[in-house]
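In: With the sequence up front, the predicted model follows.
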Amino acid sequence: MDRSAGSPRVTAALEALRASGERVTPARQAVLRVIDAADGSDEHLSAEQISERVTRLEPSVHRATVYRTLTALTDAGVLSHVHLGGSATVYHLVAHPRERAREASPAAYGLGDGHPHAHGHLHVQCSICGRVQDAPPDVLDEAGRQLREALGFDLDTTHAALLGRCSDCAGAAGR
């Protein structure tokens, strides 16, 4: 089996690594495949969870290698990470030029137009139960515009989760 084979997103990430002179190792391939699978199923994996899955995929890859790989792939611009309130950091593959075709036609990649990984997204996390949900990136467009006009501040909604209460916990509080 060709271990480098994967989705168009993994292929694009590997091409981006090669184009920037980065090495493509079995550990990097395994990490990318695990994160791509998690993104496709709307999971938000921490470094520890990624390490566990990489070990199942590539038993020879040590946990410390996974952590170093996450840092290296983030520094290389292939991964992004989001800090969750009171929790771990989670990782996603970032879109590269090849992904523009995917974003233009998400259904061709098995994603509906409304799928958050098709067009980028932000994260919201329930401060009661810890549940993490993806939200459309344009939800904060107006707040971003106001901050830019009033303070010259560019809002980055991709690096941290917004905290609040999910519908289940908000409903439970009202009972």
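Out: That came through, no problem.
In: Show me where this structure has its strands.
Out: For the chain, the strands defined by DSSP state E occupy 79-83, 89-93, 122-126, 132-135, 162-164.
In: Residue 22: which of these is closest?
Out: Closest to residue 22 of the strands of the chain, according to Cβ to Cβ: strand 79-83, at 12.1 Å. All C-beta spots, glycine's among them, are computed from the backbone N, C-alpha and C.
In: quick one: average pLDDT of that closest one?
Out: On average, the pLDDT along strand 79-83 is 89.
In: Just name the shakiest helix or strand of the protein by mean pLDDT.
Out: In the chain, no helix or strand scores lower on mean pLDDT, DSSP states H and E than helix 116-119, which sits at a mean of 38.
In: coming back round to it: nearest to residue 47 among the strands of the chain would be which one?
Out: Comparing these by Cβ to Cβ, strand 89-93 comes nearest, at 6.8 Å.
In: Point out where this structure drops to low pLDDT.
Out: Regions of the chain meeting the criterion pLDDT under 70 cover residues 1-5, 86-87, 96-120, 173-175.
In: what's the spacing between residue 143 and residue 64?
Out: From residue 143 across to residue 64, the span is 40 Å (Cβ to Cβ, to the nearest Å).
In: before we move on, what about residue 142?
Out: 44 Å.
In: swap in residue 92?
Out: 22 Å.
In: Quick check: residue 18 touching residue 24?
Out: Yes: with contact defined as Cβ atoms under 8 Å, residue 18 reaches residue 24; the gap is 6.1 Å.
In: more crowded one of these two?
Out: residue 24 (14 against 11; other Cβ atoms under 10 Å).
In: quick one: contacts for residue 70?
Out: Counting by Cβ atoms under 8 Å, 6 or more residues apart in numbering, residue 70 touches 31, 47, 50, 79, 81, 91.
In: Can you tell me which of these has the most neighbours?
Out: Greatest neighbour count in the contacts of residue 70, by other Cβ under 10 Å, goes to residue 31: 32 neighbours.
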